[in-house]
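# Compute the structure for the input listed below.
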Amino acid sequence: MKKLHSLYVSVFGDSDQIGSERYFVTVTCLSASIFLFVLCLVHFFMNLSLAPVIIAGGGSLLLFGLYFLVRFGTCLFYPKLILSVLGLVLLDLTWYSKFLSNGPVLFFILLFGALVLWVWEGRSLIFLLLLYYLNIAILFYIDYHAPSALFEYPEGRMRNVDIYLSFTLYSAMLIFLLSVVKRDFLRQKEKAIHSDKLKSAFLANMSHEIRTPLNSIVGFSRLLQEETDPKTKDHYGTIIQKSSNQLTGLINDIIDLSIIEAGELGINYSGFKLRMLLEELITTFSVEMQKKEKDKVELKYECVDESISILSDYDRLKQVLSNLISNAVKFTSEGEIILRCVIQSNEIVFSVSDTGTGIPIEDQQKIFQRFTSINYSGMNTEGTGIGLSISEKIIQALKGRIWVESKAGEGSVFFVAIPYVTAGKKKDGQKAPQPPDEPAKISSRKKILVVEDDTASRELIGKILMSMNLDLAYVSDGDEAISYVRQHGDISLILMDLMLPGVDGFEATTTIKEINPGIPIIAQTAYAMTGDRERAIKAGCDDYISKPLNSKLLQDMVNSYLK
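This next block holds a predicted model:
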């Protein structure tokens, strides 16, 4: 049964990956091609006339070619248009050659309208329905004025054979297409019900997941104000920082999930060296393992050629591998965790293996479902259960694959395969170098205008940039920012909050760029959804940083614009 399903998917595609519309058009093209081929043979052996044989055979070849275009191409609009127009033309020609309204084709032209309704929507649907009814009017005109000889079968009984045999073939194709639609509808319905239940469980769990780190942040912040012992204050600060990172990670996951739900997951390709990615991951998680006291677990990486450069999305790939390593650390108490990288044919395959609890076979598909969190041996006490689902969608966006091989009690191996594209020398870029522990001081005292309506955020930015030898000026809204720029010509950089009372940051940026196009403007906002960066750049911003602000990233960004 699995082999038949795999064969079906390889022929028609997976509707979850290619979309219901492309899936239905693919099925329609191939099934119609097979149907017309059978019809061609039937017409040939019935020996009524040569025209239906040629029309059915030629239509079968055209639709078969259209199937390949839809199944393996990227454009869907033109194949749909060709399918709709070509289908109507083939039906008209067959109708004319098969004795007009005295034959069986006229009734199938009626059903063709249902196909148009299913495939199209909006203005395109209105246009094609008008074309469809215009076509029916033309058929009526031809039928009304046609000589009687065009309606006559060679033999009286041959009409009965032709009609019932044709109806059998037409109904078989129609039943098949309706079964595909029904099955897809029921599957989507079950998926929606299941997703709704999971979301309800997710929202019920979300309160706990958010309140847990928030409780630590609020509670220990109050204790920190009252504490006088330096060691205890450092301990409280560490707890607050850890809880803040946990809350930030949770919010980032929710944002990524929202982006995926909206179908707006963006991929930014750039060239980078494998060594840089692998070493950054190992360094980050070595520190993480020390914090979690995983002294009995060895973390290392192996790569056939870590010096090569590839073209992919560095941040998204790092996000996926970080999630896999994080899970391995979570479920491994002793042994080793190995990050491997090999090149196979036209793919680069990453794997994260561990000697942890392993995953039973019955759970291996569940773990990629949204809001699914499985706790083995009490080792998964935190998390929302959306990390692997997000990782799967990211890898699909990178045109790759992700899968797992595991046995309960014997550890797990997660694999990620993406297209292997080498970065050319011109694209062979490094990530922005990490800033030093101490921010670089600007050689001359330059003025920065901070446009921020939140008092705490203004104070935080001031503290972050305090040691960089800068002259900071503050305003609270877009109107004040525009007035300040008009009155002061010595501004070297603007940090612009986008969500401001009155004139927002987008409008203020556009106006300021008209006044002085040479002032670099860095957008900084708590609205970190997809499209915000593009909207900010379109408004005139030179760069973008999201809240919560990363101190080193902000220092490095400011330093790069003030050099």
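
# what about the protein, any weak spots by pLDDT?
For the chain, the stretches flagged by pLDDT under 70 are 1-2, 198, 201-209, 262-264, 370-385, 424-444, 526-532.

# Going by secondary structure, the residue nearest to the spatial centre of it is in what exactly?
Most central in the chain under Cα atoms, centre = their mean is residue 265, positioned 4.0 Å from the mean C-alpha point. Residue 265 is part of no helix or strand when elements are defined by DSSP states H and E.

# Surely it and residue 393 touch.
Yes - here residue 265 reaches residue 393: they are 6.4 Å apart, a contact under Cβ atoms under 8 Å. Backbone N, C-alpha and C define where each C-beta goes, glycine included.

# quick revisit: and the residue nearest to the centre of the chain, how far from residue 136?
In this view, residue 265 and residue 136 are 44 Å apart by Cβ to Cβ, to the nearest Å.

# just to revisit the earlier point, ok, now which ones touch the residue nearest to the centre of the chain?
256, 259, 393-394, 397, 530 (Cβ atoms under 8 Å, 6 or more residues apart in numbering).

# cool, and residue 33?
Contacts of residue 33 (Cβ under 8 Å, 6+ apart): 59-61, 63-64, 66-67.

# Send over stretch 91-107 as CSV, restricted to the C-alpha atoms.
Taking Å, rounded to 0.1, in the frame of the first residue of the first chain, the C-alpha atoms of stretch 91-107 are listed here in CSV:
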residue,chain,number,x,y,z
LEU,A,91,-14.9,19.3,-27.0
ASP,A,92,-16.3,21.6,-29.7
LEU,A,93,-14.4,19.8,-32.5
THR,A,94,-15.4,16.4,-31.1
TRP,A,95,-19.0,17.7,-30.8
TYR,A,96,-19.0,18.7,-34.4
SER,A,97,-17.5,15.5,-35.7
LYS,A,98,-19.7,13.4,-33.5
PHE,A,99,-23.1,14.4,-35.0
LEU,A,100,-23.6,17.7,-33.1
SER,A,101,-26.5,17.6,-30.6
ASN,A,102,-27.5,14.2,-31.8
GLY,A,103,-24.3,12.7,-30.3
PRO,A,104,-23.1,12.3,-26.7
VAL,A,105,-20.6,15.2,-26.4
LEU,A,106,-23.0,18.1,-25.9
PHE,A,107,-23.8,16.8,-22.3
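
# what comes up buried for it?
91-106 (16 or more other Cβ atoms under 10 Å).

# ok, now stretch 9-26?
In stretch 9-26, counting by 16+ other Cβ under 10 Å, buried: 12-13, 15, 18, 22-26.

# now swap in stretch 31-48 and tell me
Result for stretch 31-48 [16+ other Cβ under 10 Å]: buried residues 31-37, 39-40, 42-43, 46, 48.

# now the strand ranked longest in the chain: how far from the chain's centre is it?
Secondary structure of the chain per DSSP state E: the longest strand is strand 335-344. Mean C-alpha position of strand 335-344 versus that of the full chain (Cα atoms, centre = their mean, to the nearest Å) differs by 26 Å.

# what do you get for stretch 449-465?
34 Å.

# Could you do stretch 475-490 as well?
Distance, centroid of stretch 475-490 to centroid of chain: 39 Å (Cα atoms, centre = their mean).

# Same question for stretch 402-420.
The answer for stretch 402-420 is 21 Å, by Cα atoms, centre = their mean.

# One more: stretch 234-252?
Worked out by Cα atoms, centre = their mean, stretch 234-252 lies 28 Å from the chain centre.

# same deal with stretch 462-469?
38 Å.

# got it, and stretch 214-233?
On Cα atoms, centre = their mean, the centre of stretch 214-233 falls 40 Å from that of its chain.

# Ok, stretch 328-338 next?
With Cα atoms, centre = their mean, you get 29 Å for stretch 328-338.

# same deal with stretch 290-297?
Worked out by Cα atoms, centre = their mean, stretch 290-297 lies 34 Å from the chain centre.

# In strands, which of the contacts of residue 33 fall?
Using DSSP E, none of the contacts of residue 33 sit in strands.

# Just the buried ones from those residues?
Going by neighbour count (16+ other Cβ under 10 Å), the contacts of residue 33 have 59-60, 63-64, 66-67 buried.

# Take those and write them to CSV, including distance to residue 299.
Shown next, in CSV, are the buried ones among the contacts of residue 33 (distance: Cβ to Cβ, whole Å):
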residue, distance to residue 299
59, 61
60, 58
63, 55
64, 53
66, 52
67, 48
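
# Which one of the contacts of residue 33 is nearest to residue 447?
Nearest to residue 447 among those is residue 66, at 63.1 Å by Cβ to Cβ.

# that older thread, would you format the contacts of residue 33 as CSV with distance to residue 318 included?
Formatted as CSV, the contacts of residue 33 follow (distance: Cβ to Cβ, whole Å):
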residue, distance to residue 318
59, 50
60, 49
61, 48
63, 45
64, 43
66, 41
67, 39
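
# So residue 544: helix, strand or coil?
At residue 544, secondary structure determined by DSSP: H, G, I helix; E, B strand; the rest coil is strand.

# gap between it and residue 98?
64 Å.

# give me phi/psi at residue 403?
phi -150, psi 170 (degrees, to the nearest 10).

# Does anything pack onto the longest strand of the chain? Which helices or strands?
helix 274-291, strand 297-303, helix 314-331, strand 347-354 (3 or more Cβ pairs under 8 Å, 6 or more residues apart in numbering; DSSP states H and E).

# Among those, which comes closest to residue 469?
Across the helices and strands packed on strand 335-344, closest to residue 469 is helix 274-291 (Cβ to Cβ), at 29.6 Å.

# can you give me the offset of the closest one from its chain's centre?
That offset, for helix 274-291, works out to 26 Å (Cα atoms, centre = their mean).

# quick revisit: which one (most neighbours) among the contacts of residue 265?
Counting neighbours by other Cβ atoms under 10 Å, the top entry in the contacts of residue 265 is residue 394, with 24 neighbours.

# what about it, which helix or strand?
helix 387-397.

# Just the residues contacting that helix, thanks.
17, 253, 256-257, 260, 265, 267, 316, 319-320, 323-324, 326-327, 367-372, 401-402, 416, 418.

# Kindly recompute the last result at 6 Å.
256, 260, 265, 267, 316, 320, 323, 367-368, 370, 402, 416 (Cβ atoms under 6 Å, 6 or more residues apart in numbering).

# coming back round to it: reformat the contacts of residue 265 into CSV and put distance to residue 488 next to each item.
What follows is these, written out as CSV (distance: Cβ to Cβ, whole Å):
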residue, distance to residue 488
256, 40
259, 38
393, 47
394, 44
397, 44
530, 35
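
# of all these, which comes closest to residue 340?
Nearest member of the contacts of residue 265 to residue 340, counting by Cβ to Cβ, is residue 394, at 19.4 Å.

# And the contacts of residue 33, which is closest to residue 281?
residue 67 (42.7 Å).
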